[in-house]
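Asks: below: sequence and its predicted model.
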Amino acid sequence: MSPVPGIFRILPEVILTLTGVAVMLIDASLAPGFPRRPLGWVAAMGTTLALWASLWQLSLPQGTAFSSTVETSAFTIFFHVLICGIVLVALLLSLDTLPEDSHHQGEYYALVVFGAVGMCLLTGAVELLVVFIALEISSISTYVLAGYRKQTGRGPEAALKYFLLGSFATAFLLYGIAMIFGATGTTQIYEIARLAQAAPNHLFVLAGLALMLIGILFKVSAAPFHVWTPDVYEGAPAPVVALLSTAPKAAAFALLLRVAYEMFPSLHSIWAPLLWVVAVLSMTVGNLAALRQQNVKRMLAYSSIAHAGYLLAAFAGLGTSGIAAASFYAAAYAAMNVGIFAVITLVSGYDEQLPMVEDYRGLVYRSPLLGGLLIFFLVSLVGIPFTGGFFGKFYSFSAAVGGGAVWLAIIGLLNSGLAAAYYLRLALAAARRSSVKNPEAAVRAPQVGVAVGAALLLAVVATLVLGIVPGEVLRAAQAGAHTLQAPVEISAPADPEPRP
């Protein structure tokens with residue numbers, strides 16, 4: 001078999017990079033008053049091409065490239081497709097909701113695409129220095145996007161908090177990488193897996209693992225590393241939050257799976273109880289805090305913390321069952337969360353003049369389509385059957401039970417019941433008649449454009465498919481889980497060389 005050219009193993013990242021560069025060059029060449037909306041379509045077409053390239057990579061044999069720093073496998077392709085799909089929906093959502101006169105619109109689309117480059121590279125990196133670089137590419141883009149609405153006070157505040165706390169988390173991650181290098185003499189993930197158990201200074205390995213976990217858990221907004229989440233969700237534009245709450249978290253969870261199951265499988269008895277505790281904290285803290293929120297975006301921010309806990313419950317699963325369950329949950333959560341933020345974007349508007357739960361009262365009567373979709377996505381977040389949220393929680397809790405963490409699954413089920421209270425509160429508000437106390441909400445009937453309509457359709461179809469016929473996605477997640485394991489022996493770096 002002839003060797004696979006290395007460029008093929010990072011083809012989605014290459015396409016996304018060229019798309020971002022093209023958007024910036026076209027933006028710079030346009031007159032100041034010329035509409036920038038077509039740049040969003042350029043970004044969307046480039047992301048669609050990257051999605052196709054990710055699926056095409058299924059025809060490649062599993063292997064590494066560029067001195068064994070990046071990998072192509074069923075696991076990396078699963079998350080590449082997921083991330084490209086999320087980015088495509090976020091771009092479609094932005095096309096119809098960003099005002100024509102919004103500042104630096106071309107840079108907005110370029111930042112979204114460049115952020116996707118980092119997220120995709122993060123899922124395929126098998127070298128810790130590449131992991132760090134990919135994480136920085138993704139983080140810098142999202143820091144800027146969080147403060148996109150510069151004319152409001154909350155936008156810059158959100159960006160500043162996200163940047164400062166994110167920098168601390170990245171420092172923890174980098175320090176952990178340094179300690180692991182000091183203990184094993186390498187930053188290649190498969191070599192670390194082979195050398196970690198016999199490392200002379202085992203304490204350095206444990207400290208490095210702990211520091212890396214802190215950095216990654218911040219990115220997924222798991223408790224107690226969640227303090228940035230509500231303020232960033234509230235201050236950032238809703239289309240940005242649709243992206244922030246899904247794609248970077250999917251990439252970070254992919255990294256966490258690789259660190260736990262591929263780099264440190266021998267330390268399962270150490271990291272599994274830690275993630276058990278973090279899962280319980282995330283579920284409980286997130287749901288209890290969400291119960292008290294009247295601002296919809298802050299409520300969903302705390303909800304996302306709880307969902308991070310549900311996903312982390314899958315890490316109690318043994319072997320491929322935990323990996324597959326976590327991967328499936330990441331896909332299910334992305335579909336329903338992007339969808340609900342699309343509805344919120346249309347209802348509240350770009351300036352978010354209707355941010356409170358009471359403002360959604362009577363939405364079903366003002367806009368039956370959006371009201372129905374809001375209730376549908378809320379039902380999926382609760383975990384009602386025939387939606388993606390149901391099977392996501394089912395597989396996650398089943399993996400926990402299979403791994404012996406029965407109490408973790410019970411706590412997760414109790415928290416799911418608790419979460420239903422605030423989800424149903426918003427759903428009931430949308431189904432009630434409008435109140436005279438909020439006349440602005442009573443007269444607002446949001447219009448659904450072509451692009452945002454396509455985004456909503458993709459989110460609805462994905463949520464239904466994952467809830468009614470989840471078999472294909474689950475098989476793809478299981479195939480990825482089977483490839484996420486370190487080889488028994490690693491030969492000298494060859495560029496590229498398929499893994500056995």
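Replies: Cool, the structure landed.

Asks: residue 81 contacts residue 53, correct?
Replies: No: the pair residue 81 / residue 53 is not scored as a contact, 10.0 Å apart, by C-beta atoms under 8 Å. All C-beta spots, glycine's among them, are computed from the backbone N, C-alpha and C.

Asks: more neighbours: which of the two?
Replies: Taking other C-beta atoms under 10 Å, residue 81 and residue 53 do not tie; residue 81 has more neighbours (22 against 19).

Asks: for the helix or strand that one falls within, the distance to its chain's centre please.
Replies: When secondary structure is defined by DSSP states H and E, residue 81 falls within helix 74-97. The gap between where helix 74-97 is centred and where its chain is centred comes out at 10 Å by C-alpha atoms, centre = their mean, to the nearest Å.

Asks: average model confidence for it?
Replies: Mean pLDDT, computed over helix 74-97, is 94.

Asks: I'd like the next helix or strand past it.
Replies: By DSSP H and E, the next helix or strand past helix 74-97 is helix 105-124.

Asks: and for the residue nearest to residue 247 when sequence neighbours are not counted, the neighbour number?
Replies: For residue 247, ignoring the flanking residues on the chain, the nearest one in space by C-beta to C-beta, 6 or more residues apart in numbering is residue 86 at 4.3 Å. Burial measure for residue 86: 31 neighbouring residues, criterion other C-beta under 10 Å.

Asks: count of neighbours near residue 352?
Replies: 21.

Asks: so what's it closest to, chain neighbours aside?
Replies: residue 238 (6.9 Å).

Asks: cool, and residue 196?
Replies: Nearest to residue 196 is residue 205, by C-beta to C-beta, 6+ apart, at 5.2 Å.

Asks: tell me which helix or strand the one you found sits in.
Replies: helix 202-219.

Asks: helices or strands up against that helix?
Replies: helix 154-184, helix 247-257, helix 268-291 (3 or more C-beta pairs under 8 Å, 6 or more residues apart in numbering; DSSP states H and E).

Asks: from these, which stretch is densest packed?
Replies: Neighbour counts (mean count of other C-beta atoms under 10 Å) averaged over each of the helices and strands packed on helix 202-219 peak at helix 247-257, with a mean of 26.

Asks: give me the angle between the helix holding residue 205 and helix 105-124.
Replies: 150 degrees (axes from the mean of the first three to the mean of the last three C-alpha atoms, to 10 degrees).

Asks: and residue 99, how many neighbours?
Replies: Using other C-beta under 10 Å, residue 99 has 10 other residues around it.

Asks: what about the strands in this protein?
Replies: 63-65, 70-72, 497-498 (DSSP state E).

Asks: how about those in TSV, adding mean neighbour count and distance to residue 379?
Replies: Output for the strands of the chain, formatted as TSV (neighbours: other C-beta atoms under 10 Å; distance: least, C-beta to C-beta, whole Å):
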stretch	mean neighbour count	distance to residue 379
strand 63-65	23	42
strand 70-72	26	37
strand 497-498	15	44
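
Asks: and the ones you listed: which comes nearest residue 429?
Replies: strand 70-72 (46.7 Å; C-beta to C-beta).

Asks: what packs against that closest one?
Replies: In terms of contacts (3+ C-beta pairs under 8 Å, 6+ apart), strand 70-72 is packed against strand 63-65, helix 105-124.

Asks: average pLDDT for the longest one, rounded please.
Replies: Right, helix 105-124. Here the average pLDDT along helix 105-124 is 94.

Asks: of the helices and strands packed on strand 70-72, flag the one that's most buried.
Replies: Most buried of these, by mean neighbour count (mean count of other C-beta under 10 Å): helix 105-124, with a mean of 26.

Asks: point out where the chain drops to low pLDDT.
Replies: For the chain, the stretches flagged by pLDDT under 70 are 1-2, 101-103, 434-446, 485-500.

Asks: nearest to residue 92, of the helices and strands packed on helix 202-219?
Replies: helix 247-257 (13.9 Å).

Asks: figure out how far the closest one is from the centre of its chain.
Replies: On C-alpha atoms, centre = their mean, the centre of helix 247-257 falls 6 Å from the chain's centre.

Asks: contacts for it, please.
Replies: 75-76, 79, 82-83, 86-87, 90, 115-116, 118-120, 122-123, 131, 135, 138-139, 142, 213, 216-217, 219-221, 304, 308, 311, 315, 323, 326-327, 330-331, 334, 484 (C-beta atoms under 8 Å, 6 or more residues apart in numbering).

Asks: nearest spatial neighbour of residue 206, skipping sequence neighbours?
Replies: Nearest to residue 206 is residue 270, by C-beta to C-beta, 6+ apart, at 6.8 Å.

Asks: isn't that neighbour right up against residue 207?
Replies: No: using C-beta under 8 Å, residue 270 makes no contact with residue 207, being 11.5 Å away.

Asks: related to what we said a few turns ago, what number of residues lie near the residue nearest to residue 196?
Replies: 24.

Asks: contacting residues for it?
Replies: For residue 205, the contacting residues are 179-180, 183-184, 196, 199, 264, 267, by C-beta under 8 Å, 6+ apart.

Asks: farthest pair within those residues?
Replies: 179 and 267 (13.8 Å).

Asks: next one: phi and psi at residue 66?
Replies: phi 50, psi 60 (degrees, to the nearest 10).

Asks: isn't it up against residue 6?
Replies: Yes: Residue 66 is within contact range of residue 6, at 5.3 Å (criterion: C-beta under 8 Å).

Asks: with adjacent residues omitted, what lies nearest to residue 175?
Replies: residue 211 is the one closest to residue 175 (C-beta to C-beta, 6+ apart), at 5.2 Å.

Asks: for burial, what's the neighbour tally of that neighbour?
Replies: By other C-beta under 10 Å, 20 other residues sit near residue 211.

Asks: close enough to count as contact, it and residue 170?
Replies: No: using C-beta under 8 Å, residue 211 makes no contact with residue 170, being 11.0 Å away.

Asks: contacting residues for residue 108?
Replies: Here residue 108 is in contact with 94, 98, 102, 145, 148 (C-beta under 8 Å, 6+ apart).

Asks: neighbours of the fourth one, just the number please.
Replies: If I follow you right, that is residue 145. 24.

Asks: who are the contact partners of it?
Replies: 108, 111-112, 115, 236, 240, 243-244 are the contacts of residue 145 under C-beta under 8 Å, 6+ apart.

Asks: could you redo the last one with a cut-off of 6 Å?
Replies: 111, 240 (C-beta atoms under 6 Å, 6 or more residues apart in numbering).

Asks: from residue 104, how far off is it?
Replies: 11 Å (C-beta to C-beta, to the nearest Å).

Asks: go on, the last one?
Replies: For residue 148, the distance to residue 104 equals 8 Å [C-beta to C-beta].

Asks: which one's more surrounded, those two?
Replies: Taking neighbours as other C-beta under 10 Å, residue 148 and residue 104 compare with residue 148 leading, 25 against 14.

Asks: done for today, thanks.
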